[in-house]
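Q: fold the following, please.
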Amino acid sequence: MKLKIFTISLLLAGAACVSCIREEALNTEADIESCTLAGDVLNRDPVIENEKVTLYLKKTADLSDLAPEFTLTPGATISPASGTKLDFSSPQYYEVISEDGRWKKRYKVEATTSYNIPTLFQFEKVRTTKTAKGEYQIFYETDNSGKETIVWASGNSGYALTGAGSGADTYPTYQSNIGYRNKCLALTTRKTGKYGADMNMPIAAGNLFLGTFEVLNALTNPLKATKFGIPTDAVPSRIQGYYKYKAGETFYELDKSRPDKLKPVPDKTDIFNIYAVFYESTEDMKTLDGTNALAEDNPNIFAVARITDAKETDEWTEFDLPFVFRAGKTVDPVKLSEGKYSLAIVFSSSIDGDRFSGAPGSTLCVDEVTMEYRDE
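A: Modelled structure (predicted):
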């Protein structure tokens with residue numbers, strides 16, 4: 001009898017274990033995590049954004065015969081299949097389906113051998129990305145024919161993880177209707193709520209930059225998550241535009257000992273930042289990030305343009321920032337033609353936002369930004 005009871009118990013335990021295995025939740029993510037191309041055709045690593053992948057190719061590459069291979073979130077599938085040869089003379093579209101089959105994401109995959117950056121940014125074009133707790137905006141640029149040229153990056157996707165945002169204008173980076181001409185870029189420093197505070201990231205400055213934001217690294221290494229710069233085949237000489245700025249009421253510094261991680265600094269007033277960096281992309285430093293974008297000892301940086309007279313103003317105020325080249329830096333015309341140099345443009349509503357310090361409510365508006373380039 002004891003043996004029979006033991007056997008039944010063992011069978012029930014085994015059935016319970018099988019049930020646990022069967023009920024284990026399947027992955028709900030549907031993301032492209034990495035992309036590779038066979039052969040020596042890439043000029044630099046592919047840029048992966050929320051719903052877009054950009055392949056920067058050498059000018060000799062054949063866009064009509066490419067077979068990108070993708071690494072996906074565990075269990076996800078992609079169509080067309082990874083490694084399928086396609087003609088990328090025009091953008092191709094892929095659909096990623098999560099392991100549980102409930103979630104889909106459509107990616108636009110684009111290949112380019114052109115490194116022309118627009119000379120005018122008017123911030124008139126945005127698209128909306130929906131999240132479980134609201135939506136946020138992504139800024140992009142087009143050429144005269146309406147073809148999308150570049151997509152601006154921001155920390156909005158990281159802010160979405162905190163659950164603190166709802167509508168687009170409650171996120172740190174959004175479009176406003178009060179532009180110098182028509183609409184404009186608006187950046188507001190926000191509190192990130194309990195989740196952000198628990199992660200020692202109690203505020204998020206509004207930011208917009210040329211480059212990419214790696215949301216997967218946003219919570220573990222936020223300074224490294226900002227990848228500044230996109231390839232260019234022209235040497236910048238100055239950046240101009242218009243801004244308005246109002247500082248938030250109370251400036252806070254990060255203080256990990258406090259429950260909300262915010263220490264008020266009564267005598268300090270927040271201020272914004274606008275800068276641009278022209279640099280060389282190398283194997284050991286393919287892009288700049290929040291740790292080295294303005295470092296004086298960074299050997300890859302060739303020239304910097306940065307605002308030095310930032311101020312609060314209710315009126316649209318012009319800024320005109322020349323690129324100042326660092327001593328001993330000479331542009332290699334061959335590398336320039338091959339897109340081995342990059343340009344980063346960065347706007348932020350709080351100059352110390354990368355250290356999670358600033359005044360919630362600080363708002364920077366920017367419009368009608370123009371780039372000038374040198375004749376080489």
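Q: show me where the stretch 51-200 of the chain has its strands.
A: When secondary structure is read from DSSP state E, counting those that start in this stretch, the stretch 51-200 of the chain shows strands at 52-56, 69-72, 77-79, 92-97, 104-112, 120-121, 126-131, 134-142, 148-151, 173-176, 184-188, 190-191.
Q: got it, and the stretch 201-350 of the chain?
A: Counting by DSSP E, counting those that start in this stretch, the stretch 201-350 of the chain has strands at residues 203-204, 207-209, 211-213, 226-228, 230-232, 236-246, 252-254, 262-264, 273-280, 288-289, 301-306, 313-322, 324-325, 341-348.
Q: tell me the most buried of those?
A: Highest mean neighbour count of these: strand 203-204, a mean of 29 (counted as mean count of other CB atoms under 10 Å). Every residue, glycine included, has its C-beta placed from N, CA and C.
Q: if we can go back for a sec, with residue 287 as the reference, name the closest of the strands of the stretch 51-200 of the chain.
A: strand 52-56 (11.5 Å; CB to CB).
Q: now stretch 269-287, how far from the centre of its chain.
A: 13 Å (CA atoms, centre = their mean, to the nearest Å).
Q: quote the end-to-end distance of it.
A: Stretch 269-287 stretches 32 Å from its first residue to its last (CA to CA, to the nearest Å).
Q: pLDDT on it, on average?
A: Taken as a whole, stretch 269-287 has an average pLDDT of 95.
Q: list the residues that contact the residue most central in space within the chain.
A: For the chain, the residue nearest the mean C-alpha position is residue 213 (2.5 Å; CA atoms, centre = their mean). Under the criterion of CB atoms under 8 Å, 6 or more residues apart in numbering, the neighbours of residue 213 are 153-155, 157-158, 225-227.
Q: what's opposite it in the beta bridge?
A: For residue 213, the beta-bridge partners under DSSP bridges are residue 226.
Q: same thing with residue 304?
A: Counting by DSSP bridges, residue 304 is bridged to residue 277, residue 324.
Q: hmm, residue 170 is touching residue 134, no?
A: Yes - Residue 170 is within contact range of residue 134, at 7.1 Å (criterion: CB atoms under 8 Å).
Q: wouldn't residue 315 be in contact with residue 245 here?
A: No - when contacts are counted by CB under 8 Å, residue 315 is not listed as touching residue 245 (10.4 Å).
Q: tell me the pLDDT of residue 7.
A: At residue 7, the model reports a pLDDT of 41.
Q: with the one 10 residues further on instead?
A: According to the per-residue confidence, residue 17 scores 44 in pLDDT.
Q: how far does stretch 339-353 sit from the chain's center?
A: The answer for stretch 339-353 is 11 Å, by CA atoms, centre = their mean.
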